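Chemist: Next input, structure requested:
(one chain, ligands or ions: 1)
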Amino acid sequence: MSANQRGLRLGATALTLTALLLTTACGGTTREKSGNDTGGGSQTSGAANPDAQLKEGLKIAFLPKQVNNPYFTTSDNGGKEAVTEIKGEFKEVGPSEASASSQVSYINTLSQQGMDVIVTSANDPNAICGALNQAKAAGAKIVTFDSDTKPECRQIFVNQVTAEGIAENQVKLISEQIGGAGEIAILSATANATNQNAWIALMKEELKKSEYSKIKLVTVAYGNDEDQKSFQETQGLLQSYPNLKGIISPTTVGVAAAARYLSGSQYKGKVKLTGLGTPNQMREFVKDGTVDAFALWSPADLGYLAAYAGAALASGQISGAEGDKFKAGKLGEYTVGKDGVVVLGPPTVFDQNNIDQFQF
Ligand code: RAM
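Modeler: Numbering: from 1, shown residues only. Reported below is the predicted structural model:
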C-alpha cells in the first residue's frame, strides 16, 4: 500500500490536499493527473513506444546516497521488489558516506559492468554528472530518485513529493508545534545535497508568508547524514541559541539523532522537533514525548516506482519526455512531467495516534 493510498489521518487531510494541489501545480505529475502527450521533453533519447513490453533480464542497479542508512535500505528493497516482479537482475552498491563525489567510482564500475539502468540518489547535483554521462553513452538509462542531479545528467527524476509540498509540510508542522512564534533552526544533511537544498530554499520562501511572520529561522546546521555529527550539531544549536523554540530536520538521519539528543536533555518536550523521519527510528521519541509529529513518504514505494521508471526507459516504452506514461506495478500508472520529473505523491504525517500502523 502506498503512502498516497494510506492517506493522512488525524486532521492532516488539509495537508494532503494542499500537497496534492502543489504537486499538480508544479509540473510533476501523479497518477491522478492525465498528462498531455506532447512529448518533446529536454532529455529525450529516441522515440518511445508505449506498446513495447517490459524487457526481461534487465540489469538494474541502485546507488543510494549512502548504504548504511535505513531510509535507503527500505527504498532499495522497494526497488528490489519491482525488479523481481519484472524478472530483472537487481543489485545495490554505494558509499558509506554521503559526500559529494563518493558515488563516482561506483557509477564507473556499474557502467563497466553493462548495467541497463542505474537508479541513484545524488549526493551532489554536479559531481556525478560526468560519470553518469559516460554510463549513458555506454548504454545505461539513468534514473535519479530522492535527490536529483542537474536534469541533463539523467532521463527521469522520481521525486517523492514536490519540493514545494515538502517545504510547506515542514514549516506547517513546526509552526503548529511552537504556537506560531519563536526562533527555529534547520538541521540538514550534507551541504551539497540537491534535495535538502531545494527544500531549505523553499522553506525560507514559505516562512515569508504572513502567517509565519513571528517565526525566525536563525541558522541552518549540517549533520552530513552522520548520526554522531547530527547529534553534536543539535547540542551546538541549543547552546548557541538559548531561545530556540524548534528544529526542523528534513533528514531521517538528522531527525533521529536530534530526537535522541533532546530526549536525554532538559529540552525534551520544550524545544520542539519535527522533520522527515522513518516511523521505526522515531517511534520511541514520539512515545516518550520528545516529538509531536513528523512526516515522510513511503521510501519503499519511491524505490519501487524508480525501478519501474528505469525498466520502462530501458524497454523503450518511454524516453523520459513530458507526457510519457508508464505502469508501475501495484502503484498504477504514472505520467512524466516537465523536466523528466515523476512525483510519487503527498507525504504522510506521523504522530502518536498512527505511528504504530507503520513499519519502516
Ligand atoms: C535522509 C536522506 C534522504 C532524504 C531523507 C528524508 O535519509 O538525506 O536523501 O530524502 O533523509
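Chemist: what secondary structure does the residue of the stretch 1-150 of the chain found nearest the ligand sit in?
Modeler: As assessed by Cβ to the nearest ligand atom, the ligand sits closest to Y71 within the stretch 1-150 of the chain, at 3.5 Å. The C-beta positions use only the backbone N, C-alpha and C, and glycine is treated the same way. Under the three-state scheme (DSSP: H, G, I helix; E, B strand; the rest coil), Y71 adopts helix.
Chemist: The chain should start at 443 in everything you say after this.
Modeler: Sounds good: first residue 443 from here, last item Y513.
Chemist: Now do it against D798, distance only.
Modeler: 19 Å (Cβ to Cβ, to the nearest Å).
Chemist: More neighbours: which of these two?
Modeler: Counted by other Cβ atoms under 10 Å, Y513 and D798 do not tie: Y513 has more neighbours, with 25 against 12.
Chemist: residues near the residue nearest to that one when sequence neighbours are not counted, how many?
Modeler: Leaving aside its chain neighbours, Y513 sits nearest to T694 (4.3 Å; criterion: Cβ to Cβ, 6 or more residues apart in numbering). By the criterion of other Cβ under 10 Å, T694 has 25 neighbours.
Chemist: Just the pLDDT for T694.
Modeler: At T694 the predicted local confidence, pLDDT, stands at 98.
Chemist: Same question for the one 10 residues further on.
Modeler: Confidence at L704, expressed as pLDDT, is 98.
Chemist: How about M443?
Modeler: Value for M443, per-residue pLDDT: 41.
Chemist: Then T480?
Modeler: T480 is assigned 30 on the pLDDT scale.
Chemist: How about the residues of this structure by the ligand?
Modeler: Proximity of the chain to the ligand (Cβ under 6 Å from any ligand atom) is limited to residues 507, 511, 513, 563, 588-589, 631, 637, 667, 693-695, 718.
Chemist: Mind putting those residues into JSON lines with secondary structure?
Modeler: Formatted as JSON lines, the residues of the chain next to the ligand follow (three-state DSSP):
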{"residue": "K507", "secondary structure": "coil"}
{"residue": "N511", "secondary structure": "coil"}
{"residue": "Y513", "secondary structure": "helix"}
{"residue": "S563", "secondary structure": "coil"}
{"residue": "D588", "secondary structure": "coil"}
{"residue": "S589", "secondary structure": "coil"}
{"residue": "A631", "secondary structure": "coil"}
{"residue": "N637", "secondary structure": "helix"}
{"residue": "D667", "secondary structure": "coil"}
{"residue": "T693", "secondary structure": "coil"}
{"residue": "T694", "secondary structure": "helix"}
{"residue": "V695", "secondary structure": "helix"}
{"residue": "L718", "secondary structure": "strand"}
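Chemist: now the protein, which segments are flagged as low pLDDT?
Modeler: 443-488 (pLDDT under 70).
Chemist: Mind doing that once more with 50?
Modeler: By pLDDT under 50, the low-scoring segments of the chain are 443-487.
Chemist: so where do the strands sit in it?
Modeler: 501-505, 531-534, 559-562, 583-587, 598-601, 624-630, 657-664, 686-691, 714-717, 735-738, 767-769, 775-777, 783-785, 790-793 (DSSP state E).
Chemist: May I see the ones you listed organised as JSON lines, with mean neighbour count added?
Modeler: Formatted as JSON lines, the strands of the chain follow (neighbours: other Cβ atoms under 10 Å):
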{"stretch": "strand 501-505", "mean neighbour count": "26"}
{"stretch": "strand 531-534", "mean neighbour count": "17"}
{"stretch": "strand 559-562", "mean neighbour count": "30"}
{"stretch": "strand 583-587", "mean neighbour count": "30"}
{"stretch": "strand 598-601", "mean neighbour count": "31"}
{"stretch": "strand 624-630", "mean neighbour count": "24"}
{"stretch": "strand 657-664", "mean neighbour count": "17"}
{"stretch": "strand 686-691", "mean neighbour count": "24"}
{"stretch": "strand 714-717", "mean neighbour count": "28"}
{"stretch": "strand 735-738", "mean neighbour count": "28"}
{"stretch": "strand 767-769", "mean neighbour count": "18"}
{"stretch": "strand 775-777", "mean neighbour count": "20"}
{"stretch": "strand 783-785", "mean neighbour count": "27"}
{"stretch": "strand 790-793", "mean neighbour count": "22"}
